[in-house]
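Trainee: starting from these lines, generate the structure:
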Amino acid sequence: MSAAPSTNTMPPAIYRVAAEDDVAVALRDIAAQDRIAVGDQIVQVTASIPRGHKLAIRSVAAGQPVRKYGWPIGRATRDITVGAHVHSHNLETLLSGTDEYEYTASDSSDVSKAAAGADSFLGYRRANSKVGTRNEIWILCTVGCVGRTAERIARLAAQKFARRVDNIVAFPHQFGCSQLGGDLDRTRRLIAGLAQHPNAGGVLILGLGCESNQLSKLLADIPETERERIRYFAAQATEDETEAGLQAVEELVQLAERDRRAPCSLTDLVVGLKCGGSDGFSGITANPLVGRIADRVTRAGGTAVLTEIPEIFGAERLLMQRAANRAVFDDIVQVVNDFKEYFLRNHQPVHENPSPGNIAGGITTLEEKSLGAVQKGGHATVTRVLRYGERTSKPGLTLLEAPGNDGVSSTALVAAGATILLFTTGRGTPLGSPVPTLKISSNSPLAARKSHWIDYDAGKVLSAADPESVADELLQLIIATASGQPARNEINEQREIAIWKDGVTL
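Mentor: Below is the predicted model:
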């Protein structure tokens, strides 16, 4: 990736990702009639180009593909001349439905591990060998009816016991009843995954009694070996559910407080990779930066989890090229085409993206958004594909089935086992997940304006002499956070779950 030089001593005006690209990204607002240097060529700008939007640096005839990141991001709907603004008025998606893909063996069929280095964090190693970045008591619900009860128990328990563990938190939701079939199964599987999370030193599962998501079936999804630090009861079967909850939490605190932080290597880290509110800079600053972190973690034998399947449409071949073997390739094809069929089954186009905020930030098509988004996965080998609610168990890069919705996909990452999330954003959001959720801004103005939301400014990548030095700095923040330093979402008490509902409501 390279920034084209400007014609004066001012910082570069545009950023060209790949040499073969037809467009470049405006690093500042560019006025019509400005003259911009692109290599040895001087481009006469013919229209105002907002910051983060695309400037044509090559002519493209109507009907021909337009390239960015070295790949097509759509087709020109009219002739595009050098110096023009390229956006929704002259560019459209190439996506329509499911695709066929051809397997080609990857150059590396396994996860390459780096020698053990100095990078380590202080984590909580559980009896099952999983490592948490927090030692908390989580209160989960089988059904939305007892959500407020769970919050009341958490609030009262925190007043009595919070100093003995890192925190006591309730995660209510609105589902668990009036659901059928696979829709109910997914809800149950997700909650079961959260109940086994290593950041929870103890878990109370609060049921009602008459809900579809029965406690007995939920517990059947949790192995016996994982139940030592789980307590549960149905509120309808208990005289005083608040008192019963407080008693259960006290038992869990007594178990959890025995654990202490101890040195752990990056091998023990599971990072969830997420983006939300992307802009024109996301694919050139924050996402590639997170990709460097994913590469470092996976090379050390750790795990990175990438999700948001609809936001890899148009870029899925980049991941398929890195499949560890034919079976993983087939799983990627299946999860991508299944998700496309989910859209089509509901009479929706597969390209119903980007969002209004994405478009305002300079992203035109889903292909463009996807090609920027998949960079969060770096260059790591894809070792496994998980369905929604499943838990990761292999090192390397995991692809997880979940939609792009921020709350739903963040929760799915946590249920899959992510103990810290790296959440890139170009528009900003206060949303958080049950685990530390580091917000990484794609541009410096956002980091300055929303410093109470943003944990790290990736905009500095554009002025850094060496992007790896920025990755070094971000990795140190990740290590500090994994070792107990609170993320902004924890400071702001922005911690919630959201469940993917795909079915009839009775």
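Trainee: go through the helix ranked longest in the chain and flag the buried ones.
Mentor: Longest among the helix segments of the chain by residue count, using DSSP state H, is helix 326-345. Within helix 326-345, the residues that count as buried by 16 or more other C-beta atoms under 10 Å are 328-329, 331-333, 335-337, 339-340, 343. From N, CA and C alone the C-beta is placed, and that goes for glycine too.
Trainee: by contact count, what packs against the longest strand anywhere in the chain?
Mentor: The residue-count maximum for a strand in the chain (DSSP state E) belongs to strand 200-207. Packing partners of strand 200-207 (3 or more C-beta pairs under 8 Å, 6 or more residues apart in numbering; DSSP states H and E): strand 136-141, helix 147-161, helix 181-195, helix 215-220, strand 230-234, helix 241-256.
Trainee: compare those and give me the one nearest residue 498.
Mentor: Residue 498 lies closest to helix 181-195 among the helices and strands packed on strand 200-207, at 9.9 Å (C-beta to C-beta).
Trainee: list of residues touching stretch 227-247?
Mentor: 127, 139, 146, 149-150, 152-153, 156-157, 160, 195, 200-210, 215, 219, 222, 248-249, 251-252, 255-256 (C-beta atoms under 8 Å, 6 or more residues apart in numbering).
Trainee: tell me the buried residues within those residues.
Mentor: Judged by 16+ other C-beta under 10 Å, buried ones among the contacts of stretch 227-247: 139, 146, 149-150, 152-153, 156-157, 195, 200-209, 215, 219, 222, 248-249, 252, 256.
Trainee: quick revisit: and the longest strand of the chain, how far out from the chain's middle?
Mentor: Averaging C-alpha positions (C-alpha atoms, centre = their mean, to the nearest Å) puts strand 200-207 25 Å from its chain's average.
Trainee: ok, residue 328 to residue 300 distance?
Mentor: 21 Å (C-beta to C-beta, to the nearest Å).
Trainee: so residue 326 versus residue 201, what's the distance?
Mentor: In terms of C-beta to C-beta, residue 326 sits 40 Å off from residue 201.
Trainee: again, but for residue 435
Mentor: 13 Å.
Trainee: now the strands for the stretch 51-200 of the chain?
Mentor: 54-56, 65-68, 71-76, 85-86, 91-92, 120-125, 131-132, 136-141, 167-171, 200-207 (DSSP state E, counting those that start in this stretch).
Trainee: these: which one's closest to residue 444?
Mentor: strand 54-56 (20.1 Å).
Trainee: list the strands paired with that closest one, with their directions.
Mentor: Its sheet considered, strand 54-56 pairs with strand 23-26 (antiparallel), strand 85-86 (antiparallel) by DSSP bridges.
Trainee: buried set for the helix or strand following the first one?
Mentor: Right, the one you point to is strand 23-26. Later in the chain than strand 23-26, the nearest helix or strand by DSSP states H and E is strand 35-38. Residues of strand 35-38 classed as buried by neighbour count (16+ other C-beta under 10 Å): 36-38.
Trainee: quick one: the helices in the stretch 401-506 of the chain?
Mentor: Secondary structure of the stretch 401-506 of the chain (DSSP state H, counting those that start in this stretch): helices located at 406-415, 444-449, 467-482, 488-491.
Trainee: for residue 305, find the nearest of those helices.
Mentor: Using C-beta to C-beta, the nearest of these to residue 305 is helix 406-415, at 5.6 Å.
Trainee: just list the residues touching residue 484, thanks.
Mentor: So residue 484 contacts 122, 133-134, 166, 261 (C-beta under 8 Å, 6+ apart).
Trainee: could the strands of the stretch 51-200 of the chain be laid out in JSON lines, adding distance to residue 265?
Mentor: Putting the strands of the stretch 51-200 of the chain into JSON lines (distance: least, C-beta to C-beta, whole Å) gives the following:
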{"stretch": "strand 54-56", "distance to residue 265": "42"}
{"stretch": "strand 65-68", "distance to residue 265": "37"}
{"stretch": "strand 71-76", "distance to residue 265": "35"}
{"stretch": "strand 85-86", "distance to residue 265": "45"}
{"stretch": "strand 91-92", "distance to residue 265": "45"}
{"stretch": "strand 120-125", "distance to residue 265": "5"}
{"stretch": "strand 131-132", "distance to residue 265": "9"}
{"stretch": "strand 136-141", "distance to residue 265": "22"}
{"stretch": "strand 167-171", "distance to residue 265": "25"}
{"stretch": "strand 200-207", "distance to residue 265": "21"}
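Trainee: do you know which of those lies nearest residue 191?
Mentor: Of the strands of the stretch 51-200 of the chain, nearest to residue 191 by C-beta to C-beta is strand 136-141, at 5.7 Å.
Trainee: who are the packing partners of that closest one?
Mentor: Using 3+ C-beta pairs under 8 Å, 6+ apart: strand 136-141 touches helix 147-161, strand 167-171, helix 181-195, strand 200-207, helix 241-256.
Trainee: out of the ones you listed, which gets nearest to residue 317?
Mentor: Across those, closest to residue 317 is helix 181-195 (C-beta to C-beta), at 27.7 Å.
Trainee: other residues contacting that closest one?
Mentor: With C-beta under 8 Å, 6+ apart, helix 181-195 has contacts from 138, 140-142, 171, 175-176, 179, 200, 203, 205, 212-213, 217-218, 221-222, 226, 230, 388-391, 411-412, 414-417, 434, 497, 499-504.
Trainee: if we use 6 Å, what do you get?
Mentor: 140, 175-176, 203, 212-213, 218, 221-222, 230, 388-389, 391, 415, 499, 502-503 (C-beta atoms under 6 Å, 6 or more residues apart in numbering).
Trainee: restricted to buried residues, select those in ChimeraX.
Mentor: Remark: buried members of the contacts of helix 181-195, expressed as a ChimeraX selection using 16+ other C-beta under 10 Å:
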select :140,175,176,203,212,213,218,221,222,230,388,389,391,415,499,503
